[in-house]
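# Sequence and predicted structure are below.
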Amino acid sequence: MDEKSATFKKILPILISSSSGLILGYSLYLSLFHIREISTISYKVSTENNVNYSGVFLVAIFIVFMFGFERIYRTKNTEYYDNGKHGFEFQKAILPCFLLLPFFFMKIAFYTPLVFLIVWTICVFRVVAIWPGNIFLKWRGGSIINIAMIFLAVFTAVIYGTLFQEKMFSSLYLDYGDWGSALNVIDNTLKGKWFFSNALEKNTLGEHFQPGAFLFFAPYVYIFRSVTAFFIINPFILNIGALLIYLLAVRKGIPGGQALIFAFLFMLCPSIANMCPSIFYGFHMVYLAMPCILLFFLLYEMKYFKTAFLIFLFSLTIKETVAVFWGSLGIVFIMTGKRRSGLFMFGASMIYYLLISKLVMPSIPDSYGLMYRYGHLGKTYTEILLSPFTKPATFFGALFRYQNIYLLIMLLSPVMIVICNFPLLLLSGAVTYLFICLQISPESTTNYVQHQTELVGIIYICAVYGYAQIKDSPSGLCSLFLAGLKKTGYFTFSENSMRQAFLIATLCSSLSSFYFFSVECFFGKNNYPYLCFSMPDAKGKIEKLKTFIPERTVLSATSHIAAHFVLRNDTFFCKGEKPGDYILMDLADGFINNEDFENFRRRVLLSEKYNLRYYGTEIGHSWLILKREARKPFPDVLSRMNDEKWELNGSPVEVKNPDFEGRFVCDMERKIFLFHLRLKKKVDYDVFIRLNLFGKKSGGGLSYQGHIFPFGAGFRPAYTAEKGDVFTLNIPIEVENLSSISVSLDKRPEPDPDLAPF
């Protein structure tokens with residue numbers, strides 16, 4: 001029995017190590033080979049249709065690695081194992097990997113890579129913590145070399161971010177707001193129209209109070225008056241924090257090489273990369289708050305208190321909501337013993353916010369732009385604050401949406417181990433995060449948009465502070481990650497072991513998070529780069545459109561194309577009561593599906609004061625250009641067919657709308673597809689035609705061609721047509737071996753027929 005027991009004790013470590021390698025390897029295999037793309041906007045994954053099972057080699061590699069590491073660890077700790085002590089220390093370190101087992105039996109979803117990332121990081125942390133000896137390589141670079149390397153990395157990120165925005169811009173994916181709105185306000189301020197926004201058609205400070213940010217960037221825009229120059233600001237402001245993180249780390253006593261790693265960890269943060277495109281909104285003024293927060297902490301640690309508080313006061317003017325963060329930070333300062341600083345920050349922030357939001361902004365025309373985001377909780381501050389009691393279902397339903405949980409994990413996971421060594425500082429972002437969660441729509445609960453700016457800054461400051469205060473034993477929540485490992489009298493964690501464990505685990509979590517969720521990782525899983533760079537370039541078409549519209553004229557345009565005229569023309573949106581001298585519409589713009597636009601379009605098209613100068617449909621866009629001049633007859637794009645002629649015109653196709661009927665003619669020799677849409681009765685609305693062609697590739701697989709066309713080429717909407725009128729589309733067939741078609745009609749919002757033409 002003793003012999004069997006001894007044999008079992010020898011085999012058991014091997015079984016546990018091999019099983020752990022199997023579990024970790026298979027979990028990584030699922031995340032790498034079964035998931036094709038990850039969207040951190042919708043929190044969904046696209047799985048592979050044809051899984052490459054050759055990826056199973058990862059499982060074998062992990063098994064070999066785990067077995068090998070266990071053997072190396074046993075060799076390095078011969079004295080313990082020979083005495084029969086701590087024979088399972090390595091196995092206990094990798095025990096958390098068994099938490100992955102339940103997820104093998106669950107559907108592959110967004111949580112699959114997240115769970116792997118978290119468990120993998122904890123295992124690395126525990127293994128390195130017990131690993132004997134020194135793993136660190138001594139970095140001999142001085143501060144000048146370190147700073148030069150950071151600047152080189154920032155320069156690379158700026159080049160990449162600028163080119164990324166240029167690609168989004170030229171493909172008409174980048175919208176006018178927020179970056180275009182900000183540039184327009186700065187440009188108007190330089191022209192003497194202080195803080196006037198063409199998009200809002202009023203002073204923008206009534207929407208968001210951010211005069212400091214506009215004035216800060218005004219000299220730069222005055223000197224470098226171009227869209228590309230403005231694009232450079234975006235990645236620069238986001239990434240320059242790496243230098244400030246490095247300087248703060250050095251100031252906190254972290255060795256230069258390790259401080260350099262923290263600078264690079266900051267740049268690996270998916271939020272830093274994803275906020276550059278910000279879905280399709282681009283640069284937001286509140287980004288300036290992040291370097292201000294980092295600079296405040298650096299100056300505070302350097303004892304330059306007056307300068308630090310000047311930065312604090314300036315940052316309040318970046319955006320009124322920044323004051324909420326500073327107020328929370330003031331409370332944390334009070335809790336940590338910095339009473340004078342904390343009281344000043346809390347008092348100044350709250351007084352500033354209340355004065356601005358309750359007195360200054362209401363005096364500017366229109367209402368506070370932030371309040372509509374919380375309209376489901378109440379119409380006033382009091383109603384919103386009391387909503388947990390007056391509307392508990394609405395409040396807690398919004399608070400515990402799954403998007404909020406995913407966002408929190410994605411924000412914390414890159415540095416989740418080290419921030420747990422100093423978690424108190426995270427409380428300063430609690431109120432900001434709460435208000436992100438409580439917004440009426442979960443669409444803003446993503447690591448792309450600007451609302452997370454202050455949170456990202458304080459998380460990485462917290463990481464530096466947590467790493468700087470490592471002693472012989474970890475404090476706070478970190479002790480939970482080492483549960484079951486520390487045995488008094490037999491095994492202790494040295495400060496060097498802890499530093500190695502924190503830094504290596506954080507490096508692993510940051511790299512994993514970068515791979516799965518960052519837009520800067522082109523070989524990673526984030527679907528955004530593929531989506532953006534797959535869109536056709538429209539630069540040539542945009543230049544052609546500009547030939548119809550003279551510079552410095554007043555232009556009304558739809559949102560995405562308006563961005564290309566932000567500095568060239570006095571550009572407004574297609575809405576309101578004052579259309580420009582020229583009107584440019586892209587009827588494929590995703591932001592025009594509203595009644596305001598349809599009212600505007602109807603009043604322009606029925607007006608005798610506007611003449612059609614150009615129309616066309618290319619590369620997924622449908623253009624209309626009108627000029628304020630005497631109207632001439634529009635081109636005749638509609639025809640009339642009686643029932644007899646209609647029945648002889650091709651084959652019928654279902655259009656999924658009882659007011660219309662469709663027929664098509666397919667000429668495969670000439671690769672032409674004719675689609676006819678006829679009104680069965682007079683209608684009061686317009687429709688856009690969604691046409692999809694499906695084919696089969698000769699080598700196997702399916703081919704697809706999809707288009708959206710406005711009825712009547714956009715200038716003869718369906719509500720201007722009569723019963724029996726037919727609109728015909730002539731479409732080149734691009735798919736191979738056309739096999740089927742589908743047609744649907746998108747009903748547009750009904751315009752108000754009582755509004756008079758312009």
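Nice, thanks for sending it over.

# So the protein: which segments form each domain?
2-130, 143-178+192-367, 539-628, 638-747 (automatic domain parsing).

# Need those in TSV (columns: mean neighbour count).
Just so you know, the C-beta spots here come from the backbone N, C-alpha and C atoms, and that holds for glycine as well. Listed next are the domains of the chain as TSV, based on neighbours: other C-beta atoms under 10 Å:
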stretch	mean neighbour count
domain 2-130	17
domain 143-178+192-367	19
domain 539-628	19
domain 638-747	16
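
# in this protein, what spans have low per-residue confidence?
1-10, 52-55, 78-87, 136-137, 365-371, 471-476, 486-494, 670, 699-701 (pLDDT under 70).

# what residue lies at the spatial centre of it?
Nearest residue to the geometric centre of the chain (C-alpha atoms, centre = their mean): residue 448, 1.7 Å.

# if we can go back for a sec, can you check which of the domains of the chain gets nearest to residue 398?
Minimum separation from residue 398 across the domains of the chain (C-beta to C-beta) falls at domain 2-130, 15.9 Å.

# and after whichever strand or helix holds residue 166, which helix or strand comes next?
Secondary structure from DSSP states H and E places residue 166 in helix 143-170. The first helix or strand that comes after helix 143-170 along the chain, using DSSP H and E, is helix 179-190.

# Need the residues that contact that next one.
194-200, 204, 213-215, 217-218, 221-222, 225, 227, 230-231, 234, 281-285, 562-563, 566-567, 571 (C-beta atoms under 8 Å, 6 or more residues apart in numbering).

# Phi, psi for residue 259 please.
The phi/psi pair for residue 259 (degrees, to the nearest 10) reads phi -60, psi -40.

# Okay, and which of the contacts of helix 179-190 map to helices?
The members of those that map onto helices under DSSP state H are 213, 214, 215, 217, 218, 221, 222, 227, 230, 231, 234, 562.

# ok, now how distant is the residue nearest to the first one when sequence neighbours are not counted from residue 564?
On the basis of C-beta to C-beta, 6 or more residues apart in numbering, the spatially nearest residue to residue 213 that is not a chain neighbour turns out to be residue 285, at 3.9 Å. Between residue 285 and residue 564 the distance, using C-beta to C-beta, to the nearest Å, works out to 21 Å.

# doesn't residue 277 make contact with the residue nearest to the centre of the chain?
Yes. Judged on C-beta atoms under 8 Å, residue 448 makes contact with residue 277 at a distance of 7.1 Å.

# mind listing what residue 288 touches?
So residue 288 contacts 213, 216, 237, 315, 318 (C-beta under 8 Å, 6+ apart).

# so how far is residue 444 from the closest residue in space to residue 110 that isn't next to it in sequence?
Leaving out its chain neighbours, the residue that sits closest to residue 110 by C-beta to C-beta, 6+ apart is residue 43, at 4.7 Å. From residue 43 over to residue 444 the distance is 13 Å, taken as C-beta to C-beta.

# thinking again about what came up before, tell me which of the contacts of residue 288 is nearest to residue 624?
Among the contacts of residue 288, and counting by C-beta to C-beta, the member closest to residue 624 is residue 213, at 35.2 Å.

# isn't that closest one right up against residue 316?
No. Using C-beta under 8 Å, residue 213 is not in contact with residue 316; the gap is 10.9 Å.

# what about the closest residue to residue 160 other than its chain neighbours, distance to residue 161?
Spatial nearest neighbour of residue 160, excluding adjacent residues (C-beta to C-beta, 6+ apart): residue 520 at 6.4 Å. Distance of residue 520 to residue 161, given as C-beta to C-beta: 8 Å.
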